[in-house]
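Engineer: Got a sequence here, can you model it:
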Amino acid sequence: MNKINFYVFIQLFKSCTLIFFIFISIAWLLQTSRLFSIINVIQVKYIDILILSGYLLPSLINVTLPFIIIFGITLCFIKLDKDKEIVAIYSLGLGSKSIKFPLIIFGLILTLLYLIFNLYLSPYIYEKYKENEFNLRNTINFEKFIISNFVELNNKTILDFNNTDQNFENIFLKINEKNESIIYSKKGQIISSNEEHIFNLINGFKIDIYDNEIEKLEFLKYSLKIPKKNNNEYNNIDKNTQTIIDDFKENNLSNLLIKFSDILIFILIFIFFYKHNILMHNYKLNNNIKFILVSIFILILNQLIKNTEMDQNNLIIFIFINIIIFSLIIRFGKKNE
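Structural biologist: As a prediction, the model looks like this:
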């Protein structure tokens, strides 16, 4: 790689890095803001949310990388053309190889990176994210609550209380079993084990509501045990957490097809730009807009196909149709330049 090749390569790297930080920052902030809603429910620490959001980064990179490439390489060559650097390269008699070669090398490196993220790293880390999110949502530490805001302990029990300096006050319980019960105490103790919540209540009352009557019991001390939710064990059913190793083990052909179609479309984006812009020496704005719109359309169409529930045969048909459409656009676009 000579100095001109290296210069073009660095410009590609700079442009894609800029777009990368813009896209990832926006995507990460949106996802993190969604995760912060957990704080309003279970009062977890901010650092726990930030750590959890870190697990999302490989998935965000995997999803946004094709878009980063589309805008990154377009931005790079718009800048090179605007600054007359492409003209300067040709005027030196270096030819199009000085532009083609760094683009091909850059494309090969990013394709390899996309392979790693798409086939293994992204689903593997996303599995960790899902598991940690589940554990965070299903682990209630009452001492972290200031105001509980009606926590659902299980399918039949709702809890509300105030926590002042680790002193539980104004404890309210609503229990729906054979009949509805409402329990209130001025203060008390709440202890959680792996299987149940234990309430030692002081100075309150219990109201049992039957079909035709209401019974009220006042107490100085009252204890009860409430079982936790039955679904407190993590169960992975998300296909986005399946690595290529998992897919082969489970013979999941649909997931394998989706992964390899993503990679093929990623490669076709580079080929599209190479044929549509580089080979035709066309870096005009309208040509770049055409490249961006067509590429994004194909990516969105591919995403819609992946997210639509369909059997394996139909999935194969639609994925191949999308790839064929993109291939024909690339070939057709070249002929019309």
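Engineer: from here on, contacts and neighbour counts on C-alpha atoms
Structural biologist: OK.
Engineer: Tell me the helix or strand right after the worst-scoring helix or strand of the chain on mean pLDDT.
Structural biologist: Scoring the helices and strands of the chain by mean pLDDT, DSSP states H and E places helix 39-42 at the bottom, with a mean of 56. Next helix or strand after helix 39-42 toward the C-terminus (DSSP states H and E): helix 46-54.
Engineer: mind listing what S122 touches?
Structural biologist: S122 makes contacts with P58, S59, N62, T241, as judged by C-alpha atoms under 8 Å, 6 or more residues apart in numbering.
Engineer: let's see it at 6 Å
Structural biologist: S122 makes contact with P58, S59, according to C-alpha atoms under 6 Å, 6 or more residues apart in numbering.
Engineer: before we move on, what about Y129?
Structural biologist: With C-alpha under 6 Å, 6+ apart, Y129 has these contacts: Y55.
Engineer: can you rerun that using 8 Å?
Structural biologist: Per C-alpha under 8 Å, 6+ apart, neighbours of Y129: L52, S53, Y55, L56.
Engineer: relative to helix 46-54, how tilted is the host helix or strand of I19?
Structural biologist: Per DSSP H and E: I19 is located in helix 3-35. Put simply, helix 3-35 runs at 130 degrees to helix 46-54, going by axes from the mean of the first three to the mean of the last three C-alpha atoms, to 10 degrees.
Engineer: Quick one: mean pLDDT for helix 3-35?
Structural biologist: Helix 3-35 comes out with an average pLDDT of 91.
Engineer: Show me what it is packed against.
Structural biologist: Helix 3-35 makes packing contacts with helix 46-54, helix 57-82, helix 97-116 when contacts are defined by 3 or more C-alpha pairs under 8 Å, 6 or more residues apart in numbering; DSSP states H and E.
Engineer: Reformat those helices as CSV; add distance to I190, mean neighbour count and mean pLDDT.
Structural biologist: Output for the helices and strands packed on helix 3-35, formatted as CSV (distance: least, C-alpha to C-alpha, whole Å; neighbours: other C-alpha atoms under 10 Å; pLDDT from 0 to 100):
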stretch, distance to I190, mean neighbour count, mean pLDDT
helix 46-54, 23, 15, 84
helix 57-82, 37, 20, 92
helix 97-116, 47, 17, 90
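Engineer: So which of those helices is nearest L253?
Structural biologist: L253 lies closest to helix 97-116 among the helices and strands packed on helix 3-35, at 17.4 Å (C-alpha to C-alpha).
Engineer: quick one: average pLDDT of the helix or strand following the closest one?
Structural biologist: Using DSSP H and E, the next helix or strand after helix 97-116 towards the C-terminus is helix 122-138. For helix 122-138, the mean per-residue pLDDT is 82.
Engineer: Please apply the same query to stretch 318-333.
Structural biologist: 81.
Engineer: where do the helices sit along the stretch 101-250 of the chain?
Structural biologist: Using DSSP state H, counting those that start in this stretch, the helices assigned to the stretch 101-250 of the chain run over residues 122-138, 244-249.
Engineer: Of those helices, flag the one that's most buried.
Structural biologist: Mean neighbour counts were compared across the helices of the stretch 101-250 of the chain using mean count of other C-alpha atoms under 10 Å; the top stretch is helix 122-138, at a mean of 19.
Engineer: what's the offset of that one from the middle of its chain?
Structural biologist: 11 Å (C-alpha atoms, centre = their mean, to the nearest Å).
Engineer: before we move on, the earlier item: buried sites along the helix holding I19?
Structural biologist: Neighbour-count burial for helix 3-35 flags 5, 8-9, 11-12, 14-16, 19-20, 23-24, 27-28, 32 (criterion: 16 or more other C-alpha atoms under 10 Å).
Engineer: all strands of the stretch 201-337 of the chain, in order?
Structural biologist: Assigned by DSSP state E, counting those that start in this stretch, the strands in the stretch 201-337 of the chain fall at 214-227.
Engineer: And the closest residue to P58 other than its chain neighbours, how close does it get to L18?
Structural biologist: Among residues not flanking P58 along the chain, S122 sits closest, at 4.9 Å (C-alpha to C-alpha, 6 or more residues apart in numbering). Noted for S122: a distance of 22 Å to L18, by C-alpha to C-alpha, to the nearest Å.
Engineer: What of N251?
Structural biologist: Taking C-alpha to C-alpha as the measure, N251 falls 39 Å from L18.
Engineer: same check, this time on N252
Structural biologist: From N252 to L18 the distance is 37 Å (C-alpha to C-alpha).
Engineer: ok now the helix holding I19, how far from the chain's centre?
Structural biologist: Distance, centroid of helix 3-35 to centroid of chain: 17 Å (C-alpha atoms, centre = their mean).
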